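**Student:** fold the following and give me the result.
(one chain, ligands or ions: 1)
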Amino acid sequence: MKRLIDKLATRRILEKEELLRLLSNCDQNSRSYLFAKARDVDERHFGNQIYIRGLIELTNYCKCDCLYCGIRRSNKKAERYRLTPDEVLKCCETGHKLGFRTFVLQGGEDSRFSDDSIVSLIESIKSAYPDSAITLSLGEKRKASYKRFFDAGADRYLLRHETADPIHYAKLHPNNQTLQNRMRCLYDLKSIGYQVGTGFMVGSPYQTLENLVSDLLFIQDFQPQMVGIGPFLPHRDTPLGHQTKGSMELTLTIIAILRLMIPNLLIPSTTALATIHPSGREQGILAGANVVMPNLTPTSVRKKYLLYDDKACTDQEAAEGLMALQGRLKAIGYRIVVSRGDFKPID
Ligand code: SAH
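**Tutor:** Next up, the predicted model:
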């Protein structure tokens, strides 16, 4: 295993079979070795700096029906909400005072948010906080819409590909949602000039290790600027609510592999990781992640953006707990920086 990990660290790429071998045989010893290598690379590129992004969950109305997601259209039990532009600006105001210089607007695919309304929201945020970056995570749109948002000032876009295998994709989504369109969106976003984030769930139902290898190879080929990885966590009011959750160890292993594959990649230690284990956030960072995304959504609706059961949304997951989070990161040797934290190409 060590030889394979060393090879990945120097060449940044492994053959399909080698990746499969690494994922299948990574025991605790190999994992420690892999994580240490990933931390080395992380430190070389980012020092001990952790970037923060303020997450604003804009709306939980969604016209999609992803079988794993708690805010899917068919979940009649979900209590729906959408934030007003004023509420969003308030979140940014709070966030900016706390030191956030990136705001992530994430939401379900809510038709009530017209392109015009999103453009105007981006313009208001940009004019109030010109020193801050805006990341959108609003799902699949037409290229012309992505272009309008970009021209209005949006800097980045997060759209996980969810799984790079079309057959697996079809098991997790209804027929009218295709991997082909998801990929089309990702390539459109990249060609427009966004810093693009993609990613997937680890341990999603029916996922095989071969699927995960395809995910890694897709990422290697696509070369995104950000990759979000989290364990699948079931939501009781979805068709996949009785499936087993993903593994934290495998999630961490994949974070570390990604760090070695793309040394300057922005990798968040996700809320799903923080949910699956009390120290998941820190463990993600110790496996090579370098971004955290505390929640700036108004507390009154925060519990309603429930993608999976028991989502961590208290204490340090919340922006109010930033000081506490800072303390916990300091304890493992890292520090949060006040910065947009843009992707930097390696010279
Ligand atoms: N509508 C936006 C935002 C989706 S929510 C979009 O389509 O991109 C952000 C991510 O949460 C999803 O991409 C998915 O990977 C993750 N997610 C959804 N349900 C989940 C679950 N049950 N367990 C873990 N992660 C989940």
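**Student:** drop to CA atoms for contacts and neighbour counts, all remaining ones
**Tutor:** Will do.
**Student:** tell me the secondary structure at Phe200.
**Tutor:** Three-state call for Phe200 (DSSP: H, G, I helix; E, B strand; the rest coil): strand.
**Student:** for the nearest residue to it once chain neighbours are set aside, grab phi and psi.
**Tutor:** Sequence neighbours aside, Glu162 is the residue nearest to Phe200 in space, at 4.1 Å (criterion: CA to CA, 6 or more residues apart in numbering). For Glu162, the backbone dihedrals are phi 80, psi -50 (criterion: degrees, to the nearest 10).
**Student:** OK, contacts around Glu162?
**Tutor:** 169, 199-201 (CA atoms under 8 Å, 6 or more residues apart in numbering).
**Student:** SS state for Glu320?
**Tutor:** What three-state DSSP gives for Glu320 is helix.
**Student:** the ligand versus that one, what's the distance?
**Tutor:** Computed as CA to the nearest ligand atom, to the nearest Å, the Glu320 to the ligand distance reads 22 Å.
**Student:** can you get me a residue count around that residue?
**Tutor:** 17 (other CA atoms under 10 Å).
**Student:** from Phe103, how far out is it?
**Tutor:** The gap separating Glu320 from Phe103 is 15 Å, by CA to CA, to the nearest Å.
**Student:** what of Leu14?
**Tutor:** 35 Å.
**Student:** who has more neighbours out of those two?
**Tutor:** Between Leu14 and Phe103, counted using other CA under 10 Å, the more crowded position is Phe103 (27 against 17).
**Student:** for that one, which three-state class applies?
**Tutor:** From three-state DSSP, the assignment for Phe103 is strand.
**Student:** which pLDDT value belongs to it?
**Tutor:** pLDDT for Phe103: 98.
**Student:** what's opposite the one residue sitting closest to the centre of the chain in the beta bridge?
**Tutor:** Geometric centre of the chain, nearest residue: Gly228, 3.1 Å, by CA atoms, centre = their mean. Gly228 forms beta bridges with Gly199, as assigned by DSSP bridges.
**Student:** am I right that Ser30 sits in a strand?
**Tutor:** No. Under three-state DSSP, Ser30 falls outside any strand and is assigned helix.
**Student:** list the contacts of Arg340.
**Tutor:** 51, 100-102, 131-133.
**Student:** and for the closest residue to it other than its chain neighbours, the neighbour number?
**Tutor:** Among residues not flanking Arg340 along the chain, Arg101 sits closest, at 4.8 Å (CA to CA, 6+ apart). Around Arg101 there are 24 other residues, counting by other CA under 10 Å.
**Student:** how close does Arg101 sit to Leu306?
**Tutor:** Applying CA to CA to Arg101 and Leu306 gives a distance of 25 Å.
**Student:** likewise for Cys185?
**Tutor:** Separation of Cys185 from Leu306 (CA to CA): 25 Å.
**Student:** show me which residues of the protein are close to the ligand?
**Tutor:** With CA under 6 Å from any ligand atom as the criterion, the chain meets the ligand at residues 68-69, 106-109, 137-139, 159-160, 162, 200-201, 231-235, 307-308.
**Student:** returning to that earlier point: which of the contacts of Glu162 sit farthest apart?
**Tutor:** Spanning the widest gap among the contacts of Glu162 are Tyr169 and Gly199, at 13.2 Å by CA to CA.
**Student:** measure stretch 191-207 end to end?
**Tutor:** 30 Å.
**Student:** who touches it?
**Tutor:** By CA under 8 Å, 6+ apart, stretch 191-207 touches 146-147, 150, 154-163, 168, 171-172, 186, 189-190, 212, 215, 224-232, 240, 243-247, 250-251, 343.
**Student:** do the same with stretch 1-21
**Tutor:** 22, 25-26, 30, 33-34, 37, 209-210, 213, 217, 220, 257, 260-262.
**Student:** residue contacts, Cys26?
**Tutor:** Met1.
**Student:** who wins for neighbours among the contacts of stretch 1-21?
**Tutor:** Highest count within those by other CA under 10 Å belongs to Leu260, 29 neighbours.
**Student:** doesn't Thr59 make contact with Arg82?
**Tutor:** Yes. Between Arg82 and Thr59 there is a contact under CA atoms under 8 Å: 4.1 Å.
**Student:** which element, helix or strand, includes His96?
**Tutor:** helix 85-98 (DSSP states H and E).
**Student:** quick check: the gap between His168 and the ligand.
**Tutor:** Counting by CA to the nearest ligand atom, the gap from His168 to the ligand is 14 Å.
**Student:** kindly report the same for Met293.
**Tutor:** 12 Å.
**Student:** burial of that residue, as a residue count?
**Tutor:** Met293 has 22 nearby residues by other CA under 10 Å.
**Student:** so what's the residue nearest to it when sequence neighbours are not counted up against?
**Tutor:** In space, and not counting its chain neighbours, Met293 is closest to Arg53: 4.6 Å by CA to CA, 6+ apart. Arg53 is in contact with 100-104, 291-294, counting by CA under 8 Å, 6+ apart.
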